[in-house]
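In: please work out how this folds:
(one chain, ligands or ions: 2)
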Amino acid sequence: MNIPAFPSIDITTETITNNKCERCTNSTCCTYVTQQIDVPRSKYSFEILLWQVSHRGVGVYKDEDGWFVIFDTPCSHLEVDGRCGIYEDRPAICRTHENDFCEYDAPAEDGFDLYFPDYPTLLAYCKNRFKKWSTGNPAPA
Ligand code: SF4
Ligand code: SF4
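Out: Numbering: from 1, shown residues only. Ligands and ions are numbered 1, 2, ... in the order given. Modelled structure (predicted):
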């Protein structure tokens, strides 16, 4: 669920497609948040990302909309049965999230061009991308 901006759709047409959400017990869309970031180009930018993905539950991916940091952390309002505990007052982002093709249909990773769920995967990418990659004393660029 990439959410760089509020979608401009009618919230009355919100998420109920073929009662899919009623049948979805994992509610995967409620188990993470994402934040779009500037396209990383410099070694320093990747050093920052390496620090971020070193934390449990933090990853980085790139898809057709750009680069994102993803935090795998369930919403505090998600109930054990997969329902929203604040359904009537849930944020607009939740109200406008469409389920026409969502994690119920396929893992979000299937749509990623690049995916770095942890430090080793991103470090391998850095070493391949920057021929003279070395960790230590990165200069802001
Ligand atoms: S993952 Fe899809 S089907 Fe499941 S609750 Fe979220 S939007 Fe509904
Ligand atoms: S507020 Fe409700 S709908 Fe929104 S992420 Fe949390 S549990 Fe899901």
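
In: what residues are bridge-paired with the residue nearest to residue 112 when sequence neighbours are not counted?
Out: For residue 112, the nearest residue in space outside its immediate sequence neighbours is residue 61; the separation is 4.5 Å by Cβ to Cβ, 6 or more residues apart in numbering. Just so you know, the C-beta spots here come from the backbone N, C-alpha and C atoms, and that holds for glycine as well. Applying DSSP bridges to residue 61 yields these beta-bridge partners: residue 68, residue 115.

In: and residue 61, what is it in contact with?
Out: Contact criterion Cβ atoms under 8 Å, 6 or more residues apart in numbering gives 67, 68, 70, 109, 112, 113, 114, 115, 116 as the residues in contact with residue 61.

In: for residue 84, grab the count of nearby residues.
Out: Counted with other Cβ atoms under 10 Å, the neighbours of residue 84 add up to 16.

In: for it, grab phi and psi.
Out: phi -90, psi 130 (degrees, to the nearest 10).

In: surely it meets residue 76?
Out: No - with contacts counted by Cβ atoms under 8 Å, residue 84 stays clear of residue 76, the gap being 10.9 Å.

In: state the distance from residue 122 to residue 97.
Out: Residue 122 sits 28 Å away from residue 97, taking Cβ to Cβ, to the nearest Å as the criterion.
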